[in-house]
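**Student:** Take a look and give me a structure for this.
(chains A and B)
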Amino acid sequence: NAGVTQTPKFQVLKTGQSMTLQCAQDMNHNSMYWYRQDPGMGLRLIYYSASEGTTDKGEVPNGYNVSRLNKREFSLRLESAAPSQTSVYFCASSGYPDQPQHFGDGTRLSIL
Amino acid sequence: KQEVTQIPAALSVPEGENLVLNCSFTDSAIYNLQWFRQDPGKGLTSLLLIQSSQREQTSGRLNASLDKSSGRSTLYIAASQPGDSATYLCAVRPRTDSWGKFQFGAGTQVVVTP
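**Tutor:** Alright, predicted model coming up:
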């Protein structure tokens, strides 16, 4: 029962470094999402992919890029990490609109 | 723009008491509303999903109601237990972008004391 799998679980970066967060789902879902969660700010949508081959900006896309590699995988890339991107990142997926969202366990990212 | 509000931000109740958690939204044009539970340092676990055509959903000790016209949903947890201590979030899926964006509330942090 894997559901939504995120890697890595923890990461520490230096300012200016780049990295890619990976997300994969095994539920044959059409839509996938990247959120960040910060204390006092709640969950904010970074990017989403309503279906394979499409991606759209969410509320806070600056400093990030995404790739919907196939129906299963949706990656988030930080090209030049900044301390303001220190956060917990969650990937989620959902099937048809009348179905629930499912979340991964998150990636805890610290940028020094 | 849809705004989702959860009040109070934090709540402490003695074990056995019923919990009542509120979620308000400003735009009634929603597709559905989902309640989640989040334990410290963990991801979100789906609790209940209510479609816009439904008035309530039940699962065990949990019951969620939806009143679209007033922009409110309430999550009831009967006979609370210390294991119910967590943060509870609601999320609204808009009708105008039903394949896409969700809007989350900031959550209510619940502590159930033995």
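**Student:** Name the nearest residue to residue 11, ignoring sequence neighbours.
**Tutor:** With no chain named, the answer covers chain A. Nearest non-adjacent residue to residue A:11, counting by C-beta to C-beta, 6 or more residues apart in numbering or on different chains: residue A:109, 5.1 Å away. Any C-beta I mention is one placed from the backbone N, CA and C, and that applies to glycine too.
**Student:** sorry, should have said chain B
**Tutor:** Spatially, and ignoring its direct neighbours in sequence, residue B:11 is nearest to residue B:110 (5.2 Å; C-beta to C-beta, 6+ apart).
**Student:** Quick check: that neighbour touching residue B:88?
**Tutor:** Yes: counting by C-beta atoms under 8 Å, residue B:110 touches residue B:88, with 6.2 Å between them.
**Student:** what do those two both touch?
**Tutor:** residue B:21 (C-beta atoms under 8 Å, 6 or more residues apart in numbering or on different chains).
**Student:** tell me the phi and psi of the residue most central in space within chain A?
**Tutor:** Centroid check for chain A by C-alpha atoms, centre = their mean gives residue A:34 as the closest residue, at 2.9 Å. Main-chain torsions, residue A:34, degrees, to the nearest 10: phi -120, psi 130.
**Student:** give me the low-pLDDT residue ranges for chain B?
**Tutor:** Of all residues in chain B, those with pLDDT under 70 make up the ranges B:98-100.
**Student:** nearest spatial neighbour of the residue lying farthest from the centre of chain A, skipping sequence neighbours?
**Tutor:** Largest separation from the mean C-alpha position in chain A: residue A:98, at 21.7 Å (C-alpha atoms, centre = their mean). If the residues on either side of it in the chain are set aside, residue A:98 comes closest to residue B:51, at 6.0 Å by C-beta to C-beta, 6+ apart.
**Student:** so the one you found bridges to which residues?
**Tutor:** Residue B:51 forms beta bridges with residue B:32, as assigned by DSSP bridges.
**Student:** same thing with residue A:47?
**Tutor:** residue A:34, residue A:57.
**Student:** That one and residue B:71: what is the separation?
**Tutor:** 27 Å (C-beta to C-beta, to the nearest Å).
**Student:** Looking at those two, which is more packed in?
**Tutor:** Between residue A:47 and residue B:71, counting by other C-beta atoms under 10 Å in any protein chain shown, residue A:47 is the more crowded of the two (22 against 19).
**Student:** Please enumerate the helices of chain A.
**Tutor:** For chain A, helices defined by DSSP state H do not occur.
**Student:** how about the residues of it near chain B?
**Tutor:** Proximity of chain A to chain B (C-beta under 8 Å from any C-beta of the partner chain) is limited to residues A:30-31, A:33, A:35, A:40-43, A:45, A:48, A:50-51, A:56, A:58, A:90, A:92, A:97-106.
**Student:** Selection in ChimeraX covering whichever of those are buried, please.
**Tutor:** Applying 16 or more other C-beta atoms under 10 Å in any protein chain shown to the residues of chain A next to chain B, the buried members can be selected in ChimeraX as follows:
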select /A:30,31,33,35,42,43,45,48,50,58,90,92,97,99,100,101,102,103,104,105,106
